[in-house]
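*Asks:* My questions concern the predicted model and sequence given below.
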Amino acid sequence: MQLWFQSLVLGLGVALLVAGAAALVEGAVALARRARVSEIVIGMTLVSLGTTAPELAVNLSAAFTSVGELVLGNVVGSNIFNTLAVIGCAALVRPLVISPRTTRFELPFGVFAAVGMIVLIHTGLPPVSRPGSLSRLDGSILLGIGLVFCLYVAHTMRATRAEQSHDAVKVASLSRWVQGPRVSVLLLVLGPVLLAIGGRMIVESAVAIAEQLEMSTRVIALSIVAIGTSLPELATSLAAAGRGNTDMAVGNVIGANVMNIVLVLGVAVMAVPIANTGPVLFELGVNLGASLAVLAFVYLGRGRRIVRSEGAVLVAGYLAYLWVILRG
């Protein structure tokens, strides 16, 4: 099938992913508000999970069609894009002031998750797993780490002030026409359907494009697919930075990165183990290096801040990374 058609299918799949995630978030938030669920619970659970839904949809589709390179490539590529491009662009919009809570726990936890993924992939846990593979045991470990992170989020929800959650929910940009419960339920049902269809379209078109361009599926996953599935994080962080809620611009990325590793990758591997992850050491190293760079800017820079010059460095780093992987 012609390249232009597969590219069109890929673009349509990305559009369905973004629309599905938006519908899922808006429907869930509207119902939660009707049930008088607190704003902070909504902001730190439904909105955060909605931004990682595209990665989960693509990875489950790729896992069930045995495209292991796309599963891991999408997670690692999305995290690299989030850390370098999303935080970098948000810092260019407005210098990012990071809260002590994010500095003490969330940023180090993001680094810990990146290191844990490297350890699981390159060491293996005998006798169930071997180096270069991800088994259901690895997936259960990732989900266990995710449980620890969720317990932290639950604790934070009780400790964080209500006005912070109000800003977080505003970033979701709920449409005014989401009024009655019927519309909310419809969106809640429609969201996963669009995610499933869009995820399948992206997987099939990405494989076809890779074959026609004689590129590896891994490169397509690390670049085009990763950027496409990370659009919700980009939109949320840019909106947060524009509103002056700069801590959320960073917290959204760190939370999404952790969820990509412990939830998205964990669930996909639990569904279908990956027998061979392929040569991913460079990408894993870039992912860890990007997380350490943000950590260094926050700890060693100008007092828990990421300024515009540092944001430009992050964006330039992502462009350099893209140039390297596209050159092969």
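*Replies:* All right, it came through fine. Fair warning: this is a prediction, and the values are worked out from it, not measured in the lab.
*Asks:* use CA for all of it now, contacts and neighbours both
*Replies:* OK.
*Asks:* from what I can see Ile118 touches Val286, true?
*Replies:* No. Ile118 sits out of contact with Val286 when judged by CA atoms under 8 Å, with a separation of 11.4 Å.
*Asks:* which SS class is Ala316?
*Replies:* State at Ala316, reduced to three classes by DSSP: H, G, I helix; E, B strand; the rest coil: helix.
*Asks:* mind starting the numbering at 833 from now?
*Replies:* OK, 833 is where the count begins now, so the last one is Ala1148.
*Asks:* shaky segments in the stretch 933-1082 of the chain?
*Replies:* Applying pLDDT under 70 to the predicted model, the residue ranges of the stretch 933-1082 of the chain that meet it are 956-963, 988-1012.
*Asks:* do that again at 50, thanks
*Replies:* 993-1006 (pLDDT under 50).
*Asks:* What ranges does it have for its helices?
*Replies:* Assigned helices in the stretch 933-1082 of the chain, in chain order: 939-955, 968-991, 994-1003, 1013-1044, 1049-1052, 1058-1061, 1063-1074, 1078-1091 (criterion: DSSP state H, counting those that start in this stretch).
*Asks:* and Ser1123, which of the ones you listed is closest to it?
*Replies:* Ranking the helices of the stretch 933-1082 of the chain by their distance to Ser1123 (criterion: CA to CA) puts helix 939-955 first, at 5.9 Å.
*Asks:* Can you list the helices and strands that that closest one packs against?
*Replies:* helix 1078-1091, helix 1113-1132 (3 or more CA pairs under 8 Å, 6 or more residues apart in numbering; DSSP states H and E).
*Asks:* who are the neighbours in contact with the most centrally placed residue in the chain?
*Replies:* The residue lying closest to the centre of the chain (CA atoms, centre = their mean) is Ala1088, at 4.3 Å. Contact analysis of Ala1088 by CA atoms under 8 Å, 6 or more residues apart in numbering lists 880-881, 883-884, 911, 1065.
*Asks:* How far does the helix or strand hosting Leu881 sit from its chain's centre?
*Replies:* Element membership of Leu881 [criterion: DSSP states H and E] is helix 879-896. Once both centres are worked out by CA atoms, centre = their mean, to the nearest Å, helix 879-896 turns out to sit 8 Å from its chain's centre.
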